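> A structural model of the following input is requested.
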Amino acid sequence: MGSGGSGESLVTRGSVGVTLVTAARPGVSGRRVSLLPIVIGASFGRNLVIDANTGHVYHHRRAFAADGRRCRMELFAVPDLPEIREGDDLAALIRGRVDLRPDDVVCVASTIVSKAEGRAFDLDDFPAGPRAREIAARLEEISGDEKDPRFAQAVLEESTEVIMEAPFLLTESRFGHVGVNAGIDRSNVPEHDLLLLPRRPSESAERIREGLPADRVLVTDTCGRPFRHGQRGVAVGWAGLAPARDWRGESDRDGRELGVTVENVADELAAAANLVAGEGDGGTPVVVVRDFEWGDHGESDAHFRDVDGDLIRQAVRGWEFDE
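Prediction:
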């Protein structure tokens, strides 16, 4: 017999350890219960687990890690940030409103980074050229809605490649991000028409990080994804951490070596932060992720897919929209 907390299991030779898994409210430890070994003959090292919430019984080959430090993290929004203007010191504004720890990850919406860096413009700043007028006319014909060729011009000037022109503009930005309309925003831009993404978001993240006691900063945005409805938070810039955690060379739960798994941690943290930040007029532009641990894993600088290995982009390049 023995005892354990929620999520622990007991393994004995020739038997299966049974753990009663209890739900734990935030800030409250799971209830500790007794474990009774049930002899079932050869168990092949598996553990039987009963979920107290559902009554379901399941098994796995070996116990999951029970280190509580790696099983939870906290996210919270930085309160009471003012409307950001060009030249504002974002690090100072954040630093004055929250007590940060060195290992915090500070997720900053690209919207306020762009505002502070003077990336708000008017449509008149982008006189439309022939290609922009042609693109706008076709999009207007497809959608039935009026399209301003000056907006198309802004997208062209912010892009290194137009991957698709219809039924919407899909482009690669100058720092490698692929998205609709080069990520240009037409909302939440007081006194202007357009808000462009930061020129070099990772450099922006580094400047913010230099003014904070926290060691890690992400610049985030929202965009859609192939094969999925809706938008989610993604990272467009980072400082103090690699964008991806490299699991290659490690083993899965059955001992097989992982050969391709590179986990995009930057996007995962950005998506989690976006849940807290929210959207629309109730959104908050800075979220702190606390107690995220990288763990004993490799790092990868891979984030934006290389053009030569991007098979989807290559396919879309040769695709024509059929009305």
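> Output the lowest mean pLDDT helix or strand found in the protein.
Among the helical and strand segments of the chain, the one scoring lowest on mean pLDDT, DSSP states H and E is strand 38-39, with a mean of 34.
> Okay, domains of this protein per the record?
Domain segmentation of the chain under automatic domain parsing yields 2-69, 70-317.
> Would you single out the least confident of those?
Ranked by mean pLDDT, those bottom out at domain 2-69, with a mean of 42.
> Show me the helices in this structure, by range?
90-95, 110-116, 130-143, 149-157, 201-210, 265-277, 311-317 (DSSP state H).
> Mean neighbour count, these: which tops it?
Across the helices of the chain, averaging neighbours per residue (mean count of other C-beta atoms under 10 Å) puts helix 110-116 on top, at a mean of 25. In this view, the C-beta of every residue, glycine as well, is placed from N, C-alpha and C.
> how about the strands in the stretch 51-200 of the chain?
Secondary structure of the stretch 51-200 of the chain (DSSP state E, counting those that start in this stretch): strands at 57-60, 74-77, 105-109, 120-121, 159-164, 170-173, 178-180, 194-195.
> Out of those strands, which one sits most buried?
strand 105-109 (a mean of 28).
> what lines up beside it in the sheet?
Take DSSP bridges as the rule and strand 105-109 pairs in its sheet with strand 216-224 (parallel), strand 286-290 (antiparallel).
> Please produce JSON lines containing those strands, extended by distance to D99 and mean neighbour count.
Formatted as JSON lines, the strands paired with strand 105-109 follow (distance: least, C-beta to C-beta, whole Å; neighbours: other C-beta atoms under 10 Å):
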{"stretch": "strand 216-224", "distance to D99": "16", "mean neighbour count": "24"}
{"stretch": "strand 286-290", "distance to D99": "10", "mean neighbour count": "22"}
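> Quick check: which of those strands is nearest to V316?
Each of the strands paired with strand 105-109 has some distance to V316 by C-beta to C-beta; the shortest is strand 216-224, at 13.9 Å.
> Centre of the chain to the closest one, how far?
What separates the centre of strand 216-224 from the centre of its chain is 6 Å, taken as C-alpha atoms, centre = their mean, to the nearest Å.
> Nice, that's everything, thank you.
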